[in-house]
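Undergrad: dropping the sequence and predicted coords here.
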Amino acid sequence: MKKLMLIALGAIASASASADIYMDAAWAKKVCDAWNKSPILTTELLQTENEDGQGYSWINNNANRGYKLVQIYRTHCGPASKIQLRIEEKNGIAQCVEAGKPDKKVMNFKVDYLMHATDDNWACMGRGSFGCGAMGAMMSSKLKFQGPKLEAMKVMDPFETFLKIAGTVPGDVASCPAN
């Protein structure tokens with residue numbers, strides 16, 4: 001059964017014994033790097049045009065703290081295993097400036113995000129399979145989500161890009177990250 005699960009997870013599973021554990025602190029740094037290489041995440045979250053033609057800045061909706069927090073974890077590993085990305089406007093882009101285990105910053109769910117899903121659902125979101133895009137994952141509860149849902153809907157393309165990154169950065173799913 002474990003072997004079938006690894007095969008089904010495809011891009012998440014890694015045959016290498018030296019691979020980072022999926023959603024551990026080292027893995028989070030790779031996600032942060034991927035964020036910073038994505039023009040959709042770095043530029044569209046700085047300024048996005050809504051359907052009504054009005055501009056909206058996701059990164060500047062930060063409760064005047066100068067940053068937003070995104071925390072994620074694998075459902076079966078539990079909330080104690082979550083990792084955190086800190087996103088700031090820096091050098092004219094929405095940049096991931098720090099990634100790893102959560103620090104002592106308090107989450108503000110009017111501006112910050114906490115998400116978790118099963119390994120199978122993270123893999124599905126990574127592929128962008130039918131029903132596993134950002135909207136489908138939220139509506140079908142494949143992605144458990146706390147935070148400003150209406151804001152996430154305003155930036156659906158970047159949100160979906162982030163879920164694809166989180167679902168495709170390789171990591172070993174055989175064990176949970178250390179708490």
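TA: Perfect, thanks for sending it.

Undergrad: what ranges of the protein fall below the confidence cut-off?
TA: The chain contains residues with pLDDT under 70 at 1-18, 48-55.

Undergrad: how about the strands in it?
TA: Assigned by DSSP state E, the chain shows strands spanning 48-49, 55-56, 68-74, 83-90, 93-100, 113-117, 144-146.

Undergrad: the fifth one pairs with which strands?
TA: What it means is strand 93-100. strand 83-90 (antiparallel) (DSSP bridges).

Undergrad: buried set for the partner strand?
TA: 83-89 (16 or more other Cβ atoms under 10 Å). Where C-beta positions appear, they are placed from N, C-alpha and C, glycine not excepted.

Undergrad: reformat those residues as JSON lines; add distance to Thr42.
TA: Putting the buried residues of strand 83-90 into JSON lines (distance: Cβ to Cβ, whole Å) gives the following:
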{"residue": "Ile83", "distance to Thr42": "20"}
{"residue": "Gln84", "distance to Thr42": "19"}
{"residue": "Leu85", "distance to Thr42": "13"}
{"residue": "Arg86", "distance to Thr42": "14"}
{"residue": "Ile87", "distance to Thr42": "10"}
{"residue": "Glu88", "distance to Thr42": "11"}
{"residue": "Glu89", "distance to Thr42": "10"}
